[in-house]
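Novice: the sequence and its predicted three-dimensional model are supplied below.
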Amino acid sequence: MAVKITIDERKCTGDELCIDGCPIPCYQINEETGKAMLIRQPECIGCKNCEEVCPTGAIRVEITEEAGL
Ligand code: SF4
Ligand code: SF4
């Protein structure tokens with residue numbers, strides 16, 4: 001399994017809900033932009049909590065199969 005996460009910074013309000021909602025957490029707020037950014041994507045387990053809790057729909061989580069699996 002591979003996980004591809006896309007953050008649409010235009011939609012992000014920096015409310016940190018994705019940080020609170022991620023069990024790792026894979027996100028932190030970029031101090032320069034005030035937007036969410038991925039810092040631990042390799043540890044992502046693909047639970048999609050972040051996508052569900054984001055109130056503006058800024059996060060998209062795609063689960064893809066690795067070639068050959
Ligand atoms: S939950 Fe959505 S709006 Fe809030 S910081 Fe995360 S990406 Fe941005
Ligand atoms: S899919 Fe789950 S583990 Fe991955 S970034 Fe989102 S909340 Fe965190």
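Specialist: On my side now, so go ahead. Residues are numbered from 1 along each chain as shown. Ligands and ions are numbered 1, 2, ... in the order given.
Novice: so which residues of the protein form helices?
Specialist: 17-21, 49-53 (DSSP state H).
Novice: next one: residue 62 from residue 29, what distance?
Specialist: Separation of residue 62 from residue 29 (C-beta to C-beta, to the nearest Å): 23 Å. C-beta here means a position set from N, CA and C on the backbone, and glycine is covered the same way.
Novice: out of the two, which sits in the busier spot?
Specialist: residue 29 (16 against 12; other C-beta atoms under 10 Å).
Novice: got the contact list for residue 13?
Specialist: 55-56 (C-beta atoms under 8 Å, 6 or more residues apart in numbering).
Novice: same question, residue 11
Specialist: Residue 11 makes contacts with 56-58, as judged by C-beta under 8 Å, 6+ apart.
Novice: redo those as TSV? Include distance to ligand 2 and neighbour count.
Specialist: Shown next, in TSV, are those (distance: C-beta to the nearest ligand atom, whole Å; neighbours: other C-beta atoms under 10 Å):
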residue	distance to ligand 2	neighbour count
56	15	12
57	14	10
58	12	21
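Novice: tell me the contacts of the residue nearest to residue 15 when sequence neighbours are not counted?
Specialist: Distances taken as C-beta to C-beta, 6 or more residues apart in numbering place residue 55 nearest to residue 15, at 7.1 Å, with adjacent residues excluded. Residues counted as contacts of residue 55 (C-beta under 8 Å, 6+ apart) are 13, 15, 17.
Novice: can you tell me which residues contact the residue nearest to residue 50 when sequence neighbours are not counted?
Specialist: Nearest residue to residue 50 in three dimensions, chain neighbours excluded: residue 18, at 4.2 Å (C-beta to C-beta, 6+ apart). Residue 18 makes contact with 25, 27, 36, 50, 53-54, 59, according to C-beta under 8 Å, 6+ apart.
Novice: perfect, I'm done here.
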